[in-house]
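J.: Here is a sequence together with a model predicted from it:
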Amino acid sequence: MTARPVSWVQPSRRLTGLLLVAVPVLLFAWMTIWPILSGLTTALTPQQADGSRPLSFDNFVTFFSDPYSLANLGITLWTCLITLGLLLVICIPLALYLRFAQGRLATYVQTMAMFPMFVPSIILAFAFIRVLGPNGMADLLLNAVGLPKIRSPYLTPWGPVIGLVWDNIPLTVLILVSGLGAVSNQAVEAARDVGAKPLALFWHIILPRMWTSVAVVVSFTMLGLFASFTLPYVLGPASPEMMGPFMQRTFRDLRNPEMALTQATITMVFCIAFGLFYVRAVARNRGN
Amino acid sequence: MSNLSISNVSKLFSTTLAVDDFSLDVADGELVCLLGPSGSGKSTLLRMVGGFEMPSEGSIRIDGEEVVHLPPEERPTGMVFQSHALWTHMNVFNNLAFGLKLRRLPKAQIREKVEAVLELVGLGGYGTRGVTQLSGGQQQRVALARSLVLEPKILLLDEPFASLDQHLRERLREEVRDIQQRLKITTLFVTHGQDEALSMADRIVVMRDGKTEQIDRPDIVYREPRTPFVAGFIGTMNLIEGVVQNGVFSKAGYSTPVPVADGPAVLAIRPEALELTVAGENAQGHVHRVTDYGTHGLVDLVLLDGTRLKAMVSHPDLFATGQGVSLAPKAIAAYRDNVLIHRVALGKETAALRQLVDA
Ligand SMILES: Nc1ncnc2c1ncn2[C@@H]1O[C@H](COP(=O)(O)OP(=O)(O)O)[C@@H](O)[C@H]1O
Ligand SMILES: [Mg+2]
């Protein structure tokens, strides 16, 4: 069959096609592009005392010269990086196990690893408080055997980290396991056959095939973590606070939408950076 | 200078007995083919020798040393897998050099060894190629080279040419056999193709359901199959199920003396050992189809009860569809309960005819 020239398509069908495409495009423009542009405009045109709105970077200057705002940005980046590091340390061995182990135990572990995906954050937060909070289950158990109480991570920067790690394990494991699918059993057995012990096997044969999925994990989880709200809000310290709760408080409690939009814009810039990282990783994977 | 000794090895996968009390000794420099239908336990056996499966029972010794409890990385074996076993993120050179690097050989020595082996498998100068840029045949040569470069005591190949086309398969088969004989490397080769086994092996192990049916030289396996299964699996074989009474085997109008006790028996006749004579009134069967291959002809015939047989004839133009024929076999074997009970050569079977069957 030869390819049909486009002009052969009847005009009415072309119209239908355009309309079908138009719906998502318009929705995207309305729900995503427009809010971004209007938010950016508001942030870049601070209202003056006389009611005029000249173009100015004043809001951004304010943000970056305010120690409290910077501390919030800092704690957000810190939380993201620590969470990401812990996620990789926990999930890479878990994914390796799930990829290469057989039998019933592996099935149980898989179910366990996926479970957090079905638990809403707010329930997770209260479970956390009940277990690790002051006078929680951990304290009770320690007390029962005559040991001192733990220093609860509740309301410290470690609170959100623990919650976010738990919350993000399923997605991370899923991405890594699917990435490990690129390593064939025979390639692994061939490596063992030529004398590769487990560490050499991981380092030289498995890891080189995992970089793409690790890059996807980094960008995905960073995107999710950076703008996370519930867990930092419930489990984190009051000050400094992560960008999510910070924005919400600036908007609702301080009634300063302009500044909240500035914070949102800065958050978005970071997220775009992680997004680009993701696009690059995927493109590089397509390349080879 | 290595020999392999497998004694009483069994492997049970939950409920499947994949290998059942298997024993085999492979002498130094010998190439032994494991031949059998799919699911007969060939791969499982090979993987136990390579260390990828743990035998449920039995022992495997290389040069007299027990290896059953060694992991693959510590065994002096080299395995070539069916496919997809090259490391695609490394080029050809690095695929070959990986094992040598793990053994911490000096760089210059690694380069020297890798280049020599690449030359040996006919891929000299291919070191910098990516493995995905190679054809299927070249990839399998790289896989073979990767094992050879480490100079294993035992070379294991699991249907290494199964994913290649017929023509390439035949060429690689010869190349592997040449290399194996040049290096005098003790080799265990798994295949489900009889021609592969017949053309390469010093000895063939015919396997069925995890058990050995016969271990012999290829020509003996072909000429003197010990069980009807072997007879039917290797080459083309006419198997006729009939009854022996008073020293005479008979089946639907055909009968021949077989001096064994009364009872059921399976008669085995190679097509090239089945001569036909044109018969009229008292024909034992009739011609169903004649195929002329130029060098010889193949006659499909039907006995009175519908049993189909094949006979190789040198003058196919003597026969025509529907014609009555009588059977005059030159060599027959009789089996009962999966055991050979009688064999007789009524004439000489020529080597030339044998090759025709393989072709
Ligand atoms: N890992 C395994 N788990 C369960 N059963 C297996 C496994 N490997 C092989 N088997 C079974 O063992 C039998 C022999 O398999 P295999 O050795 O692969 O046969 P072959 O290589 O001759 O085709 C088959 O019935 C197969 O289903
Ligand atoms: Mg197999």
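T.: Okay, I see it. Numbers count the residues shown, from 1 in each chain, chains lettered A, B, ... in the order given. Ligands and ions are numbered 1, 2, ... in the order given.
J.: What's the separation between the closest residue to ligand 1 within the stretch 151-288 of chain A and residue A:197?
T.: Taking C-beta to the nearest ligand atom, ligand 1 has its nearest neighbour within the stretch 151-288 of chain A at residue A:185, 10.3 Å off. C-beta: built from backbone N, CA, C; applies to glycine. With distances taken as C-beta to C-beta, to the nearest Å, residue A:185 is found 18 Å from residue A:197.
J.: next one: residue B:324
T.: Residue B:324 is 72 Å from residue A:197, by C-beta to C-beta.
J.: More neighbours: which of the two?
T.: Using other C-beta atoms under 10 Å in any protein chain shown as the criterion, residue B:324 and residue A:197 rank with residue B:324 on top: 16 against 13.
J.: residues touching the more buried one, list them.
T.: Residue B:324 makes contacts with B:278-281, B:283, B:285-286, as judged by C-beta atoms under 8 Å, 6 or more residues apart in numbering or on different chains.
J.: what ranges of the chain fall below the confidence cut-off?
T.: Here I'm looking at chain A. Along chain A, the model assigns pLDDT under 70 to residues A:1-9, A:286-288.
J.: I was thinking of chain B, sorry if that wasn't clear
T.: Using pLDDT under 70, chain B drops low at B:1, B:346-359.
J.: residue boundaries of the helices in it?
T.: Ranges of helices in chain B, per DSSP state H, are B:42-50, B:92-102, B:107-120, B:136-148, B:166-183, B:194-200, B:218-223, B:228-233, B:351-358.
J.: Out of the ones you listed, the one nearest chain A is which?
T.: Chain A lies closest, by C-beta to the nearest C-beta, to one member of the helices of chain B: helix B:92-102, at 3.2 Å.
J.: other SSEs contacting that closest one?
T.: Applying 3 or more C-beta pairs under 8 Å, 6 or more residues apart in numbering or on different chains; DSSP states H and E, one finds that helix B:92-102 makes contact with helix B:107-120, helix B:136-148.
J.: Tabulate the CA atom coordinates of the shortest one in CSV.
T.: Output of helix B:136-148 as CSV, limited to C-alpha atoms (Å, rounded to 0.1, in the frame of the first residue of the first chain):
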residue,chain,number,x,y,z
GLY,B,136,23.6,-13.1,14.9
GLY,B,137,26.4,-15.4,13.8
GLN,B,138,29.1,-12.9,14.8
GLN,B,139,27.5,-12.5,18.2
GLN,B,140,27.6,-16.2,18.8
ARG,B,141,31.3,-16.2,17.8
VAL,B,142,31.9,-13.4,20.3
ALA,B,143,30.1,-15.4,22.9
LEU,B,144,32.3,-18.5,22.1
ALA,B,145,35.5,-16.3,22.1
ARG,B,146,34.5,-14.9,25.5
SER,B,147,34.5,-18.4,27.0
LEU,B,148,37.6,-19.5,25.1
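J.: what packs against it?
T.: In terms of contacts (3+ C-beta pairs under 8 Å, 6+ apart), helix B:136-148 is packed against helix A:185-193, strand B:77-80, helix B:92-102, helix B:107-120, strand B:154-158, helix B:166-183.
J.: change it to 6 Å
T.: When contacts are defined as 3 or more C-beta pairs under 6 Å, 6 or more residues apart in numbering or on different chains; DSSP states H and E, helix B:136-148 packs onto strand B:77-80, helix B:92-102.
J.: if we can go back for a sec, out of the helices and strands packed on helix B:92-102, indicate the one that is most buried.
T.: Mean neighbours per residue, mean count of other C-beta atoms under 10 Å in any protein chain shown, is largest over the helices and strands packed on helix B:92-102 for helix B:136-148, with a mean of 23.
J.: Does residue A:245 touch residue A:233 like I think?
T.: Yes - the criterion here is C-beta atoms under 6 Å, and residue A:245 meets it with residue A:233 at 4.5 Å.
J.: Show me how far stretch B:180-194 is from its chain's centre.
T.: Distance of stretch B:180-194 from the chain centroid (C-alpha atoms, centre = their mean, to the nearest Å) equals 11 Å.
J.: Give the buried residues for it.
T.: Using 16 or more other C-beta atoms under 10 Å in any protein chain shown as the burial criterion, the residues of stretch B:180-194 that qualify are B:180, B:185-194.
J.: nearest spatial neighbour of residue A:234, skipping sequence neighbours?
T.: Once flanking residues are discounted, residue A:234 sits nearest to residue A:125: 4.1 Å by C-beta to C-beta, 6 or more residues apart in numbering or on different chains.
J.: Three-state assignment for that neighbour, please.
T.: Secondary structure state of residue A:125, per DSSP: H, G, I helix; E, B strand; the rest coil, is helix.
J.: measure it to residue A:248 for me?
T.: 16 Å.
J.: Residue B:221 now?
T.: According to C-beta to C-beta, residue B:221 and residue A:248 sit 81 Å apart.
J.: again with residue B:229
T.: According to C-beta to C-beta, residue B:229 stands 77 Å off from residue A:248.
J.: Spit out the contact partners of the residue lying farthest from the centre of chain B.
T.: Within chain B, residue B:281 marks the point farthest from the mean C-alpha position, 43.3 Å out by C-alpha atoms, centre = their mean. For residue B:281, no contacting residues are found, by C-beta atoms under 6 Å, 6 or more residues apart in numbering or on different chains.
J.: since we're on the closest residue to residue B:342 other than its chain neighbours, how many residues are nearby?
T.: Residue nearest to residue B:342 in three dimensions, not counting chain neighbours: residue B:334, with 4.1 Å by C-beta to C-beta, 6+ apart. The number of residues packed near residue B:334 is 22, by other C-beta under 10 Å.
J.: dump the residue contacts of residue B:55.
T.: By C-beta under 6 Å, 6+ apart, the contact list for residue B:55 reads B:9, B:11, B:48.
J.: show me where the stretch 151-288 of chain A has helices.
T.: All helices of the stretch 151-288 of chain A, identified by DSSP state H, counting those that start in this stretch, fall at A:158-180, A:185-193, A:198-200, A:211-226, A:230-235, A:243-252, A:257-287.
J.: Near ligand 1, which residues of chain B are found?
T.: Contact residues (C-beta under 6 Å from any ligand atom) of chain B with ligand 1: B:13, B:16, B:18, B:36, B:38-44.
J.: try it again with 8 Å
T.: B:11, B:13-14, B:16, B:18-19, B:34, B:36-47, B:53, B:158-159, B:190, B:192, B:207, B:210 (C-beta under 8 Å from any ligand atom).
J.: picking that back up, narrow the contacts of residue B:324 to those that are buried.
T.: Taking 16+ other C-beta under 10 Å as the criterion, what is buried in the contacts of residue B:324 is B:283, B:285-286.
J.: Chain A contacts on chain B?
T.: Chain B comes close to chain A at residues B:52, B:72-73, B:79, B:81, B:84-85, B:87, B:89, B:99, B:102, as judged by C-beta under 6 Å from any C-beta of the partner chain.
J.: Specify which member of these is nearest to ligand 1.
T.: residue B:52 (9.6 Å).
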